[in-house]
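In: Predicted model follows, preceded by the sequence.
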Amino acid sequence: MGMEQLLEKASNYMKNQDLQRIREAYEYAEEAHRGQLRKSGEPYILHPLAVAEILVNMQMDVVTVMAALLHDVVEDTNVTVDDVRERFGETIAGLVDGLTKLEKIHFRSKEEQQNENYRKMFLAMANDIRVILIKLADRLHNMRTLKFQSEESQRRIAHETLEIYCPIAHRLGISAIKWEMEDIALRFLNPQQYYRIANLMKKKRTEREQYISDVIAKIREKLEEMGIQGDISGRPKHIFSVYKKMTTKNKQFNEIYDLLAIRILVDNVKDCYATLGIIHTLWKPMPGRFKDYIAMPKANMYQSLHTTVVGPTGEPTEVQIRTWEMHRTSEYGIAAHWAYKEGKDTGVVQGSFGDKMNWFREIIELQQETRDAAEFMESLKMDFFTDLVFVFTPKGEVFELPAGSVPLDFAYRVHTEVGNRTIGAKVNGRIVPLDHKLKTGDIVEILTSKHSYGPSQDWLKIAQSSHARSKIRQWFKKEKREENVQKGWESLERELRRIGLEPSEWMTDDKLIEVARKFTFNDVEDMMSAIGFGGITAAQICTRLTEKLRKEAEEAQQIQLSSEVIKEVKPAPPERKSRPSNGVKVKGVENLLVRFARCCNPVPGDDIIGYITRGRGVSVHRTDCPNIPQATEGEEAERVIEVEWEESCEANYSVEIEILGHDRRGLLNEVLQAVSESKTNIAAVSGRSDRNKVAVMHLTILIRNKDHLQSVVEKIKRVKDIFSVQRMMQ
């Protein structure tokens with residue numbers, strides 16, 4: 001498109017003086033970019049022209065179109081922001097500056113530079129939302145010309161588009177840009193699937209065109225009878241949406257029926273509901289497939305009635321009903337609600353969405369204290385644009401939660417017992433921690449267990465909603481068993497120490513079980529709980545222990561390992577055979593039984609710590625193991641002992657790793673091949689795949705040290721379709 005065609009389109013809604021300002025901006029940009037070529041070989045000015053055309057199609061204001069024509073002059077020519085400010089004013093200079101990348105600043109890595117670019121763009125967006133609209137148009141045209149980039153750049157840009165820019169377009173409700181970018185990104189990231197779906201859709205669309213025409217004719221006839229004016233058309237599904245449905249819902253192409261939806265545009269809301277009644281009179285609606293986004297708009301302002309009916313031939317048929325204004329909002333989102341239409345030029349939107357943008361601006365002000373751009377981007381992704389999130393169960397039921405909610409909030413909203421029995425959560429098919437922030441559109445599955453110990457005190461810090469916190473507090477009021485049990489153990493230990501006895505020698509399982517039976521408790525925990533809430537005293541338990549088991553205790557004292565004994569242990573005589581150390585030695589002590597804790601499986605290279613167990617020697621843990629007692633202070637500090645790796649050890653160590661990836665034929669074989677190529681033995685393999693086609697593989701491998709483990713992990717990560725590889729802790 002040339003400049004004259006752009007002005008002709010803009011003249012449909014702009015005044016003559018606005019058209020003259022656009023021409024001035026074009027001439028300035030054309031002179032600045034003169035002699036520059038794109039990778040396609042075309043003059044560079046065609047890119048700003050194409051970006052401006054996209055924005056004119058959205059009927060954006062004159063300032064936005066001018067900034068689009070000028071958006072690359074500072075980055076790619078000798079023009080400065082001050083030059084733009086002097087010629088075109090502060091507003092346009094601010095937009096151009098917000099779009100200019102930080103190419104001239106030195107960064108440690110490309111990733112750091114890109115995060116800083118995002119940060120600058122979002123901060124500019126907080127001041128004027130038009131920055132992001134120009135950027136979306138810029139990215140859309142770059143995607144349209146992506147074929148001229150190298151294969152590596154194609155994949156990088158396509159992935160970045162899906163991860164950053166498509167969600168932005170979705171949050172702003174600009175579906176016209178979002179859908180096209182998604183389809184193009186899929187074409188470069190997974191061309192085989194893209195062209196397969198495109199060909200299948202073309203064949204099926206031909207088959208369905210006559211069917212859709214018959215349905216439309218029937219609807220039009222009924223609308224005319226009721227005196228309702230409406231535009232009816234068939235809307236083909238976008239390729240990416242079909243691909244997403246196939247992958248997330250694990251469906252084959254022939255199982256997807258709504259490749260063509262019928263869209264009805266009417267004059268007002270009353271006609272929307274009247275039309276819905278006509279549709280449901282003509283054909284039977286399918287249960288659970290009706291959504292009223294007019295009464296409850298999406299966070300991005302989208303409004304429409306959605307219903308799926310059993311059509312004339314018994315085939316599911318999707319129908320969307322909306323007004324013309326709703327349709328414009330569904331296509332262009334925030335761009336349909338500009339302040340400039342009321343004679344203002346502030347770059348902000350009015351009404352409820354304007355309030356949402358003010359909220360977002362406050363979030364960014366808080367983030368300005370974060371100097372780490374990567375951390376800023378992660379935080380921004382968590383709190384993106386909305387003060388409410390709408391999440392779904394795997395069965396499609398929608399729940400509304402406060403912004404910032406986590407899976408625990410969702411679990412307690414479903415049901416109190418679901419929350420109390422929560423042991424984990426999946427979001428969009430991937431296992432996530434309980435403090436994972438939920439986003440609108442997430443599909444959340446709560447993992448529960450009948451054997452769950454219930455809420456922990458940390459849940460009160462994790463939960464974000466008052467509803468969830470209230471339910472957790474109620475549980476603690478009713479359920480004090482765990483707390484009482486812990487109090488019982490502590491009280492018994494204190495009483496034993498008070499009368500001069502070592503708890504580790506007397507609080508063994510066999511002794512405590514026998515005492516519990518004498519007091520008619522079901523088990524030791526019941527006895528400890530009784531001590532905790534005062535049903536029995538620790539002194540009574542100590543009396544029974546010392547009266548009945550003193551002789552046995554004195555014999556056991558010779559073999560029990562207490563902190564006092566360890567301090568007096570001397571190096572073993574040379575003629576005695578030392579216990580095997582497994583590559584670990586206890587500082588200053590020999591002939592001790594050393595074993596590796598199975599909860600964290602330490603390997604040479606890990607920072608380790610020793611913990612003296614009751615009767616089973618020294619247990620070696622990684623220092624970051626969550627099962628290590630809080631041993632830096634208090635009574636348990638006596639059990640901590642220094643250990644270190646021997647300088648030379650040729651032993652192999654068992655490590656379990658968890659691998660997540662997209663399930664496909666041959667994935668496990670490729671992972672095993674990668675491990676084999678690293679000359680690593682595999683002790684055990686297990687795996688499964690869920691309905692979202694997420695493969696979860698557990699491998700137990702034998703490795704020499706931490707470096708060896710890292711090299712194996714890196715090899716596995718290079719396998720196609722692998723999402724993550726992590727070392728497991730039990």
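Out: Yep, that arrived. Residues are numbered from 1 along each chain as shown.
In: Can you name the element that comes right after the lowest-mean-pLDDT helix or strand in the chain?
Out: Among the helices and strands of the chain, helix 563-568 carries the lowest confidence by mean pLDDT, DSSP states H and E, at a mean of 40. The C-terminal neighbour of helix 563-568 among helices and strands, as given by DSSP states H and E, is strand 584-586.
In: other SSEs contacting that following strand?
Out: With contacts defined as 3 or more CB pairs under 8 Å, 6 or more residues apart in numbering; DSSP states H and E, strand 584-586 has these neighbours: strand 594-596, strand 643-645. For every residue, glycine as well, the C-beta is placed using N, CA and C.
In: switch to 7 Å and redo it
Out: In terms of contact count using 3 or more CB pairs under 7 Å, 6 or more residues apart in numbering; DSSP states H and E, strand 584-586 is assigned the packing partners strand 643-645.
In: So which elements touch the top helix by length along the chain?
Out: Ranked by residue count and defined by DSSP state H, the top helix of the chain is helix 191-226. Applying 3+ CB pairs under 7 Å, 6+ apart, we find helix 191-226 packed against strand 230-236, helix 239-248, strand 260-266, helix 269-282.
In: ranking the ones you listed by burial, who's on top?
Out: Mean neighbour count, computed with mean count of other CB atoms under 10 Å, is highest for strand 260-266 among those, reaching a mean of 21.
In: Direction-wise, compare it with strand 230-236 and give the angle.
Out: Using axes from the mean of the first three to the mean of the last three CA atoms, to 10 degrees, one finds that strand 260-266 and strand 230-236 are set 160 degrees apart in direction.
In: For E331, grab the count of nearby residues.
Out: When neighbours are counted by other CB atoms under 10 Å, E331 registers 17.
In: buried stuff in the helix or strand in which it is found?
Out: In this structure, E331 sits in helix 324-332 according to DSSP H and E. Neighbour-count burial for helix 324-332 flags 326-332 (criterion: 16 or more other CB atoms under 10 Å).
In: Which secondary structure elements does it sit against?
Out: Counting by 3+ CB pairs under 7 Å, 6+ apart, the packing neighbours recorded for helix 324-332 are helix 175-189.
In: who's in contact with the helix it packs on?
Out: Contacts to helix 175-189, defined as CB atoms under 7 Å, 6 or more residues apart in numbering, come from residues 136, 139-140, 143-144, 146, 154-155, 158-159, 161-162, 165-166, 169-170, 194, 238-240, 243, 330-332.
In: Give the rounded mean pLDDT of it.
Out: Averaged across helix 175-189, pLDDT comes to 90.
In: now do stretch 69-87
Out: Mean pLDDT, stretch 69-87: 90.
In: which other residues reach it?
Out: Outside of stretch 69-87, the residues that reach it under the criterion CB under 7 Å, 6+ apart are 25-26, 28-29, 32-33, 36, 48, 51-52, 92-93, 96-97, 99-101, 103, 134, 138.
In: repeat that with 6 Å
Out: With contact meaning CB atoms under 6 Å, 6 or more residues apart in numbering, stretch 69-87 is reached by 25-26, 29, 32, 48, 52, 93, 96-97, 99-101, 134.
In: from the residues you listed, which has minimum pLDDT?
Out: For the contacts of stretch 69-87, the minimum pLDDT belongs to K101; the value there is 59.
In: Let me see the contact set for I92.
Out: Listed by CB under 6 Å, 6+ apart, the contact partners of I92 are 66-67.
In: which SSE is it in?
Out: Under DSSP H and E, the secondary-structure element containing I92 is helix 90-99.
In: Quick one: distance of that helix to the chain centre.
Out: Computed by CA atoms, centre = their mean, to the nearest Å, the chain-centroid distance of helix 90-99 equals 32 Å.
In: One more: stretch 396-404?
Out: For stretch 396-404, the distance to the chain centre is 15 Å (CA atoms, centre = their mean).
In: in it, what's buried?
Out: When burial is assessed from 16+ other CB under 10 Å, stretch 396-404 yields the following buried residues: 399, 401, 403.
In: what residues does stretch 445-454 touch?
Out: If you take CB under 6 Å, 6+ apart as the criterion, stretch 445-454 is touched by 394, 411, 418, 420-426, 475, 479.
In: I'd like to know which of those residues are buried.
Out: Of the members of the contacts of stretch 445-454, the ones counted as buried by neighbours, 16+ other CB under 10 Å, are 411, 420-422, 425-426.
In: Can you give me the neighbour number for the nearest residue to F240 once chain neighbours are set aside?
Out: Excluding its sequence neighbours, the residue lying closest to F240 (CB to CB, 6 or more residues apart in numbering) is E182, at 3.8 Å. Residues within reach of E182, counting by other CB under 10 Å, total 25.
In: Could you do E658 as well?
Out: Using other CB under 10 Å, E658 has 14 other residues around it.
In: Surely it is in a helix?
Out: No: when the secondary structure is assigned by DSSP: H, G, I helix; E, B strand; the rest coil, E658 falls in strand instead of a helix.
In: Output the below-cut-off pLDDT ranges for the stretch 401-550 of the chain.
Out: Low-confidence regions of the stretch 401-550 of the chain, defined by pLDDT under 70, span residues 457, 466, 473-474, 476-481, 533-535, 548-550.
In: Would you map the strands across it?
Out: Listed from the start of the chain, the stretch 401-550 of the chain has strands (DSSP state E, counting those that start in this stretch) covering 422-427, 430-432, 444-448.
In: rewinding a little: mind putting the buried residues of stretch 396-404 into CSV with distance to Q5?
Out: Output for the buried residues of stretch 396-404, formatted as CSV (distance: CB to CB, whole Å):
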residue, distance to Q5
F399, 48
L401, 47
A403, 43
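In: Can you list the buried residues in stretch 703-710?
Out: Judged by neighbour count using 16+ other CB under 10 Å, the buried positions of stretch 703-710 are 703-706, 708-709.
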